[in-house]
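Chemist: Have a look; sequence and predicted model below, questions after that.
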Amino acid sequence: MKSFNQSALPPWFSNATVRHITYGILIGFTLSVTSTAISTYWRSQRRQGLSQKQFDFRPIELRSDEVLHGVTGLIGNTPLVRINSLSDALGVEILGKAEFVNPGGSVKDRVALRIIEDAERQGLLHPHTGSRIFEGTVGSTGISIATIAKARGYDTTIIMPDDVAHEKVNALQALGADVQRVRPTSIVDKKQYVNIARRAAIEFGCSDIVKSLDDAHISHELQTGSPSVVVTTTSLHVHAEGTVNDPLDEDLQSKPRGFFADQFDNHSNFEAHYDGTGPEIWRQTNGHIDAFVSGAGTGGTIAGTGRFLKSRDDDVQVVLADPDGSGLYNKVKHGVMYDRREAEGTKRRHQVDTVVEGIGINRMTNNIDLAIPIIDDAFRISDVEAVAMSRYLVQNDGLFLGSSSACNLVACVKFAKKKGWRDGQTLVTILCDSGNRHYSKFWNDDYLRKANIPVDRSLIDDLIAQPGSGGFSPQ
C-alpha cells in the first residue's frame, strides 16, 4: 500500500485551522445528504399509510349556545344598520333597527311572542289543547301571532279591515289562520275589527257549553285580573260569579280556551320593548344615542323602547312619526286627539286616512297612555313624503322597506334638520317591515296614481337640502 505523502497536498492545507474547516464541511455535507434521504423516505411511508387508513367523517361541532330552539329563537337581537345615504347627507348617524329580519317579518314578532309567553306563564293558555288565539289587526301582528301559534300548538282567528294589502291576507292564510275581513269603522262601532275579535274570543265554544248547562247565563270567562285580557274556557267547571283558573282542576286546564291577545291594551306589548328592543339598542349604540324616532299604532314600541332609553339617559329625545289621518300628532302637540281629516266627507278610508299601514290611530290605548308623557316631539308625515322616502332608499341604499319604516325615516330627517344636528349625533329608528307586504298598495304605482299620491323621490333631496326644514307637511 502506497504511503500517504503530505508533500502532495497544497501548501495551504498544512494549516491546522483550514484543515479542520475542510473536514467539517465534508462531514456536514455527508450528514445533510443522509438526513434528507431519511426524511424523504419517512414522508413517503407516512403518505402511503395515511392513504390506506380509513377515517369516520363527523359534522362540524357547534357550541350549544349557537343552536336556536325553534322559530321563536329567531325573534329579537336584530341588527342595527346605518342608513348611509341619509347619514352622509346630513352629517349625523341615522341607524335603523332591522326588525324585518324577524321570522314573521316584522317588529310585531316581539309583541306576539311576549303576549303568548306571558299568558302561558300565568296559566291562561296551555299548548296543544285545541285553544285558539283571537286578534284584531291590520296584518303584521296577525302574521306574527299565527307564526308563533303554529310553533306553540295553538289555532288562530284574525279579524282585519278589508282594505289592507292582499299580501298580508295571503301570508295569514298560508300560516293556517282563520281570516275574517270586515269593513273598516270606528272603535265605537261594535263591528269594528278589534271589537269583533274580542267578542269572538268571548263566544268561543259558547254554543256547546250552553247546550250542556242548565243555566245559560253562567259565564265561561276566566278571572284574569286584567280587563284587557279575555280568556274563556269550554270546560263545564264554571261558576256564575266568575271562574277562577284553578291549576288543580284537570278538566279546566285541559279543555280548549279562547284567548283575546289585545295588542292595543295588553301591557305585554309595552314590556316586550322595554325588556327587549330598548336594551338591545342601548347595547348596540354603546349608550351613545341622542334620539329615538318611532311611529305608533298600538303605542307599545315607542312607549317601551322610549321609556327604557330615557331610564338610561333622560336626555335621549323620543320623537313620534305620525301619518296622515292619525290624531296622535295633535295629542302630543296640543293635547287633543283629533286630525283635520276627521271632518265629515273628507276621508278616503273609514279608519286612519293614509296609504301607510301599521301606524296611526285615533284613540287612546293603555300602551299609548304610557307613551304620551315621554314623547318630546312629533312630526306629521304625509303619504307623499313616505312614498318618496321609500323610493329614495331603494335608489340610494338598496333598502326595500314598508310604509311605516319610510315614515320613521322621514321623521328622522325632519328632526335632525330642526335641531340643526350635523356633528355625528345618533338617531335610532325602527325599520318595522320590508316592502314585501306592500306590493298591492304602497309599492303599486298604479294604485298610488288612482289615489292621487305622486311618486317623486326628489322630494327627499329637497327636504335634505332645506336649511332647518320641517318638511312639506306640518311638523
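Modeler: It's in.
Chemist: Okay, helices next: where are they in the stretch 251-400 of the chain?
Modeler: Here the stretch 251-400 of the chain has its helices, by DSSP state H, counting those that start in this stretch, at 267-272, 278-284, 300-312, 328-334, 366-371, 383-397.
Chemist: Would you tell me which of the ones you listed gets closest to Y23?
Modeler: Distance to Y23, taken as Cβ to Cβ, is lowest for helix 278-284 among the helices of the stretch 251-400 of the chain, at 72.0 Å. Where you see a C-beta, it was placed from the backbone N, CA and C, and this is true even at glycine.
Chemist: Relative to the whole chain's centre, how far out is the closest one?
Modeler: With Cα atoms, centre = their mean, to the nearest Å as the basis, helix 278-284 stands 13 Å off its chain's centre.
Chemist: Show me what that helix is packed up against.
Modeler: Judged by 3 or more Cβ pairs under 8 Å, 6 or more residues apart in numbering; DSSP states H and E, helix 278-284 is in contact with strand 93-98, helix 300-312.
Chemist: Pull out the buried residues from it.
Modeler: Neighbour counts over helix 278-284 (16 or more other Cβ atoms under 10 Å) mark 278, 280-282, 284 as buried.
Chemist: Pipe those residues into CSV and attach distance to D163 per row.
Modeler: Shown next, in CSV, are these (distance: Cβ to Cβ, whole Å):
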residue, distance to D163
G278, 33
E280, 34
I281, 33
W282, 38
Q284, 36
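Chemist: which one of those residues is nearest D456?
Modeler: Minimum distance to D456 across those is 32.1 Å, recorded for I281 (Cβ to Cβ).
Chemist: can you confirm R181 is in a helix?
Modeler: No: assessed with DSSP: H, G, I helix; E, B strand; the rest coil, R181 is strand; it does not lie in a helix.
Chemist: Please name the residues that touch the spatially closest residue to it that is not a sequence neighbour.
Modeler: Nearest non-adjacent residue to R181, counting by Cβ to Cβ, 6 or more residues apart in numbering: D162, 4.1 Å away. Taking Cβ atoms under 8 Å, 6 or more residues apart in numbering, we find D162 in contact with 181-184.
Chemist: what do you get for N269?
Modeler: Residues in contact with N269 (Cβ under 8 Å, 6+ apart) are 111, 114-115, 263, 298-300, 304, 367.
Chemist: Mind doing that once more with 10 Å?
Modeler: Neighbouring residues of N269 by Cβ atoms under 10 Å, 6 or more residues apart in numbering: 108, 110-112, 114-115, 141, 261-263, 298-301, 303-304, 365-367, 370.
Chemist: How about G424?
Modeler: 87, 91-93, 288, 290.
Chemist: at 8 Å what do you get?
Modeler: 91-93.
Chemist: For the helix or strand hosting A200, which outside residues touch it?
Modeler: Taking DSSP states H and E as the definition, A200 sits inside helix 193-202. For helix 193-202, contacts defined as Cβ under 8 Å, 6+ apart pick out 132, 134-137, 157-161, 180, 182, 184, 187, 189-190, 221, 230-232, 258-260, 262, 264.
Chemist: Just the buried residues out of the residues you listed, in PyMOL syntax.
Modeler: This is the PyMOL syntax for the buried subset of the contacts of helix 193-202, where burial follows 16+ other Cβ under 10 Å:
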select buried, resi 132+134+135+136+137+157+158+159+160+161+180+182+184+187+230+231+232+258+259+260+262+264
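Chemist: Just the contacts of helix 193-202: which are in strands?
Modeler: 132, 134-136, 157-161, 180, 182, 230-232, 258-260 (DSSP state E).
Chemist: now the helix holding A200 against strand 132-136, angle please.
Modeler: 160 degrees (axes from the mean of the first three to the mean of the last three Cα atoms, to 10 degrees).
Chemist: could you dump the helices and strands packed on helix 278-284 to JSON lines with mean neighbour count and mean pLDDT?
Modeler: Converted to JSON lines, the helices and strands packed on helix 278-284 look like this (neighbours: other Cβ atoms under 10 Å; pLDDT from 0 to 100):
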{"stretch": "strand 93-98", "mean neighbour count": "24", "mean pLDDT": "98"}
{"stretch": "helix 300-312", "mean neighbour count": "25", "mean pLDDT": "98"}
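Chemist: if we can go back for a sec, out of the helices of the stretch 251-400 of the chain, flag the one nearest T426.
Modeler: helix 278-284 (10.1 Å).
Chemist: Identify the residues contacting that closest one?
Modeler: Taking contacts as Cβ under 8 Å, 6+ apart, the residues outside helix 278-284 that touch it are 76-78, 80, 95, 97, 289, 292, 304-309, 312, 428.
Chemist: before we move on, what about stretch 365-378?
Modeler: Stretch 365-378 has contacts (Cβ under 8 Å, 6+ apart) with 228, 264-267, 269-270, 296, 298-300, 302-304, 306-307, 310, 317-322, 328-329, 331-333, 361, 415, 418, 475.
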